[in-house]
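Undergrad: Attaching a predicted model along with its sequence, questions to come.
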Amino acid sequence: MESPLIHEIDRLFGMAEAKQDDEVLVAVGRLLAAWGPRALGLFDPQRRPVTTWGDAETLTQLYPNDSARLAAGVATSSDGAALLTLPLPAADAEPLLMLGLLDRAEADGLPLVSMLPALSVVGEQAYELLFTRRKQRQANVRIKHLVAEQSTLKRSHAELMNAALEEREERLQQQQQYTQRLEAEVVQRSAALREALERAEQSNHAKSAFLANMSHEIRTPLTAIFGYIDLLIEESWGRSRTVEWLQIIRRNSEHLLTVINDVLDLSKIEADRIELEPVSMNPALLLHEAVGFVRHRAKEKNLSILVEVDPALPQMVRADPTRLKQIVVNLVGNAVKFTERGQVHVKAVLEPSDAAAGATAGLIISVRDSGIGMTPEQLGRIFEPFTQGDNTTTRRYGGTGLGLTISRRLARLMGGDIAVQSTPGAGSLFTLRVHVEVLADPGPDEVAESSAGSLMPGTGDMPSQRPIRRDPKLPSRGRVLLAEDSPDNRELLRLMLVREGFDVVPVSDGEEACHQVLDAVKADLPFDIVLMDMQMPKLDGYGATAQLRSQHYGRPIIALTANAMASDRQKCIAAGCSDFVSKPVHRQKLLKAMESALAQTRPT
């Protein structure tokens with residue numbers, strides 16, 4: 001059975017805990033430490049008295065029901081301490097008697113001052129017990145709080161985890177839905193892009209086909225026009241008025257061809273079908289040739305054209321001579337057109353002037369005139385298609401307004417540009433700059449060959465003197481198969497080649513051409529050259545050439561086509577053609593190609 005001492009300690013500790021007052025607790029501890037078990041006031045029904053001493057204020061606080069006895073004790077105390085007689089239960093008195101700390105007489109309530117040291121030791125032990133119980137209770141309360149907090153944390157953690165998992169699942173679902181929408185949009189847009197690309201490719205193919213057909217349909221009849229005009233001029237030599245009229249017809253036909261070429265070139269540029277063909281060329285010689293095309297027009301207006309070539313200009317560069325000459329002819333032609341008196345000054349330099357072989361440099365060609373000039377407003381629109389200075393200029397000087405547009409775009413394709421400066425009434429300065437590759441100086445044969453065959457279509461092949469006809473008694477220059485579906489052009493080319501001493505067999509389609517060529521080989525009378533029009537009925541020139549090459553036919557086949565783009569040349573070569581001549585066919589260019597082909601087949 002637990003001692004009343006313990007009950008009292010619990011009572012005092014409980015009172016201190018209930019009041020939440022540490023001062024009360026300290027008072028309890030001080031009382032126990034000072035007086036031991038006698039200060040505990042252990043109440044028991046037997047009311048066995050025991051005498052104790054203590055601080056009056058502390059005892060009054062701890063034992064408010066004994067305030068009367070406390071007052072009496074104070075009154076009778078000689079040392080000012082409260083003397084209180086309290087009952088001592090036998091259960092508490094017995095251990096004291098056994099320890100020798102209390103005798104029977106003392107148990108009757110007699111105070112013995114000699115017992116105070118021993119009682120102090122017991123009080124200290126009770127004090128320690130009190131605080132140990134307090135700490136244990138605090139620890140138990142803390143543990144309960146911690147367990148409660150742990151449970152709360154567990155519940156919160158579980159709730160947070162569940163919420164996080166639900167949020168994560170929701171986000172995954174949203175992300176999956178978003179990904180599915182994106183994939184659907186990507187598929188839809190990819191399909192739309194493929195469809196747009198297919199439409200663009202179809203449109204591009206349609207444009208290419210249109211340009212090829214237009215080029216063929218326009219250039220084919222011009223071959224007959226130019227060819228028969230030249231034949232008429234030859235036949236009419238000596239009749240000056242007739243020759244003059246025929247030359248007027250030819251000159252206007254050339255102008256018509258120039259306009260057609262401009263329109264087709266612009267269409268090719270717009271369709272991104274212009275392809276440059278850079279080759280080795282002599283820039284000074286090209287400049288003089290280009291000026292030569294318009295010199296007769298300057299002479300008709302009593303204008304002089306001064307050509308100045310920088311001595312440091314290299315003999316050979318790599319560029320596209322056809323397109324470069326086209327630009328220069330347009331710039332010089334415009335200068336002559338819009339100048340009534342004075343001169344046109346053409347100058348060519350290289351920047352840097354000391355560029356070594358293999359380096360890329362700028363070829364600069366400037367064209368200065370003393371013509372009508374232009375206002376700033378006119379300068380702002382001269383490079384727009386179908387535009388000139390103003391409507392008055394167009395009516396007075398003619399032209400389509402495409403030349404400068406095409407020239408600038410060609411210059412930019414060649415890595416350069418065209419700049420212009422002009423003053424009304426004082427003339428204009430056009431400066432062309434293109435990128436060229438500087439080549440090492442060649443031998444004289446290479447220089448001569450580099451400029452040959454570079455005449456522009458529709459110009460420069462007009463007979464200026466009475467032709468010398470070949471003596472028909474001389475031996476044949478070779479057997480030629482001519483495949484051409486146009487009857488006019490077929491007869492023109494046959495007549496032209498017969499006059500040059502060739503034996504010509506004309507056919508009108510590719511199938512007949514193949515039969516004639518293969519039959520001639522079997523008969524051991526092979527043709528020396530095949531002239532093959534590339535657009536013919538039944539079997540076109542590409543198919544006929546490929547068929548002949550598949551039969552191991554190795555003699556020259558020269559393509560005749562109105563499609564003059566680089567890709568068309570490559571297509572002809574890929575089909576098996578040995579060379580390429582564009583329409584309108586000019587006699588000297590055709591004869592040169594034929595002579596080159598014959599030179600390769602003749603035994604050495």
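TA: Now that the structure is in, tell me what you want to look at.

Undergrad: Residue 299 versus the nearest residue to residue 518 once chain neighbours are set aside, what's the distance?
TA: The shortest distance from residue 518 to any non-neighbouring residue, by Cβ to Cβ, 6 or more residues apart in numbering, is to residue 551 (6.3 Å). Every residue, glycine included, has its C-beta placed from N, CA and C. Applying Cβ to Cβ, to the nearest Å, the value for residue 551 to residue 299 is 54 Å.

Undergrad: Next: residue 351.
TA: Residue 351 is 32 Å from residue 299, by Cβ to Cβ.

Undergrad: Residue 505 too?
TA: According to Cβ to Cβ, residue 505 and residue 299 sit 44 Å apart.

Undergrad: who's more crowded, the two?
TA: Neighbour totals were compared for residue 505 and residue 299, and residue 505 leads with 17 against 12 (other Cβ atoms under 10 Å).

Undergrad: That one belongs to a helix?
TA: No - membership of residue 505 in a helix is not supported by DSSP: H, G, I helix; E, B strand; the rest coil, which gives strand.

Undergrad: so it sits right up against residue 478, yeah?
TA: No - judged on Cβ atoms under 8 Å, residue 505 makes no contact with residue 478 at a distance of 11.7 Å.

Undergrad: where do the contact lists of these two overlap?
TA: With contacts taken as Cβ atoms under 8 Å, 6 or more residues apart in numbering, not a single residue reaches both residue 505 and residue 478.

Undergrad: Just give me the neighbour total for residue 573.
TA: 14.

Undergrad: Quick check: the gap between residue 185 and residue 317.
TA: For residue 185, the distance to residue 317 - Cβ to Cβ - is 53 Å.

Undergrad: Looking at those two, which one has more neighbours?
TA: Neighbour totals were compared for residue 185 and residue 317, and residue 317 leads with 28 against 10 (other Cβ under 10 Å).

Undergrad: Would you confirm that that one contacts residue 281?
TA: Yes - counting by Cβ under 8 Å, residue 281 is a contact partner of residue 317 at 6.4 Å.

Undergrad: Test for you: state the pLDDT assigned to residue 112.
TA: We have a pLDDT of 31 for residue 112.

Undergrad: Residue 349 now?
TA: 94.

Undergrad: Also the one 10 residues further on?
TA: In this model, residue 359 is scored at 88, pLDDT.

Undergrad: which one's the longest helix in this structure?
TA: The helix that spans the most residues within the chain, counting by DSSP state H, is helix 116-235.

Undergrad: okay, the angle between the helix or strand just after it and helix 116-235?
TA: Counting by DSSP states H and E, the next helix or strand C-terminal to helix 116-235 is helix 240-270. Angle, helix 240-270 to helix 116-235, by axes from the mean of the first three to the mean of the last three Cα atoms, to 10 degrees: 170 degrees.

Undergrad: Name the residues of helix 240-270 that are buried.
TA: Buried residues in helix 240-270, counted by 16 or more other Cβ atoms under 10 Å: 243, 246, 250, 253-254, 257-258, 260-269.

Undergrad: For that helix, enumerate the helices and strands it packs against.
TA: Using 3 or more Cβ pairs under 8 Å, 6 or more residues apart in numbering; DSSP states H and E as the contact test, the elements touching helix 240-270 are helix 116-235, helix 403-413.

Undergrad: Give me the angle between it and helix 403-413.
TA: Relative orientation of helix 240-270 versus helix 403-413 (the same axes, to 10 degrees): 50 degrees.

Undergrad: what's the following helix or strand after helix 240-270?
TA: Counting by DSSP H and E, what follows helix 240-270 is strand 279-281.

Undergrad: what lines up beside that next one in the sheet?
TA: According to DSSP bridges, strand 279-281 forms sheet pairs with strand 317-319 (antiparallel).

Undergrad: Next secondary structure element downstream of the strand it pairs with?
TA: Following strand 317-319 in sequence order, the next helix or strand is helix 321-337 (DSSP H and E).

Undergrad: Please export the C-alpha coordinates of that following helix as PDB.
TA: The C-alpha coordinates for helix 321-337 follow below in PDB (Å, rounded to 0.1, in the frame of the first residue of the first chain):
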ATOM      1  CA  PRO A 321      29.300  35.100-119.800                       C
ATOM      2  CA  THR A 322      25.800  34.800-121.300                       C
ATOM      3  CA  ARG A 323      24.100  36.500-118.300                       C
ATOM      4  CA  LEU A 324      26.900  39.000-117.700                       C
ATOM      5  CA  LYS A 325      26.800  40.000-121.400                       C
ATOM      6  CA  GLN A 326      23.000  40.300-121.200                       C
ATOM      7  CA  ILE A 327      23.300  42.800-118.300                       C
ATOM      8  CA  VAL A 328      26.000  44.900-120.000                       C
ATOM      9  CA  VAL A 329      24.100  45.000-123.300                       C
ATOM     10  CA  ASN A 330      21.000  46.200-121.400                       C
ATOM     11  CA  LEU A 331      22.900  48.900-119.500                       C
ATOM     12  CA  VAL A 332      24.800  50.200-122.600                       C
ATOM     13  CA  GLY A 333      21.700  49.900-124.800                       C
ATOM     14  CA  ASN A 334      19.700  52.000-122.300                       C
ATOM     15  CA  ALA A 335      22.500  54.600-122.200                       C
ATOM     16  CA  VAL A 336      22.400  54.900-126.000                       C
ATOM     17  CA  LYS A 337      18.600  54.900-126.000                       C
END
